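Peer 1: Sequence and predicted structure, then a few things I'm wondering about:
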Amino acid sequence: MATGSAGGEGSVGAKVLWNETQRRFETEDKKAYLEYVLRDGGKVMDILHTFVPSSKRGLGLASHLCVAAFNHAKSHSLSVIPSCSYVSDTFLPRNPSWNSFVYSEEPKSSM
């Protein structure tokens with residue numbers, strides 16, 4: 001299990017852990033997490049769900065989880081499918097620098 005600290009504007013310095021066996025990124029207490037599956041032979045990370053309990057909302061934890069997942073994708077040369085509505089509707093519009101990692105099904109030129 002790898003650890004990392006994800007930063008974000010106006011949020012607490014939450015420690016996010018990569019739980020490789022359960023395919024998720026989670027806080028140390030495991031109460032907030034981001035779940036994903038790998039697709040296309042392990043080259044694409046499909047982020048399915050982000051959860052933060054009501055007692056911890058408003059602290060920027062969902063953003064921390066997303067940053068950890070996108071940093072992981074970046075360091076492992078993965079594309080990301082933002083199936084989770086939080087990622088597609090909130091995180092990416094607020095953090096457009098990560099859009100370059102979003103998976104595209106456009107066919108590659110055969111030239």
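Peer 2: Received the coordinates, thanks.
Peer 1: any idea where the strands of the protein begin and end?
Peer 2: Listed in chain order, the strands of the chain (DSSP state E) span 2-5, 15-19, 24-27, 33-39, 44-51, 79-82.
Peer 1: Could you list the low-confidence segments of this protein?
Peer 2: The model of the chain has pLDDT under 70 over residues 1-13, 106-111.
Peer 1: chain center to the longest helix anywhere in the chain, what's the gap?
Peer 2: Counting residues, the longest helix in the chain under DSSP state H turns out to be helix 61-75. Centroid displacement of helix 61-75 relative to its chain, using C-alpha atoms, centre = their mean, to the nearest Å, is 4 Å.
Peer 1: quick check: angle from it to strand 44-51?
Peer 2: Counting by axes from the mean of the first three to the mean of the last three C-alpha atoms, to 10 degrees, helix 61-75 lies at 170 degrees to strand 44-51.
Peer 1: Show me what helix 61-75 is packed up against.
Peer 2: strand 15-19, strand 24-27, strand 33-39, strand 44-51, strand 79-82 (3 or more C-beta pairs under 8 Å, 6 or more residues apart in numbering; DSSP states H and E). No exception for glycine: its C-beta is placed from N, CA and C like everyone else's.
Peer 1: want to try CSV for those, with mean neighbour count and distance to residue 98 as columns?
Peer 2: Below are the helices and strands packed on helix 61-75 laid out as CSV (neighbours: other C-beta atoms under 10 Å; distance: least, C-beta to C-beta, whole Å):
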stretch, mean neighbour count, distance to residue 98
strand 15-19, 18, 15
strand 24-27, 22, 14
strand 33-39, 19, 14
strand 44-51, 19, 11
strand 79-82, 21, 8
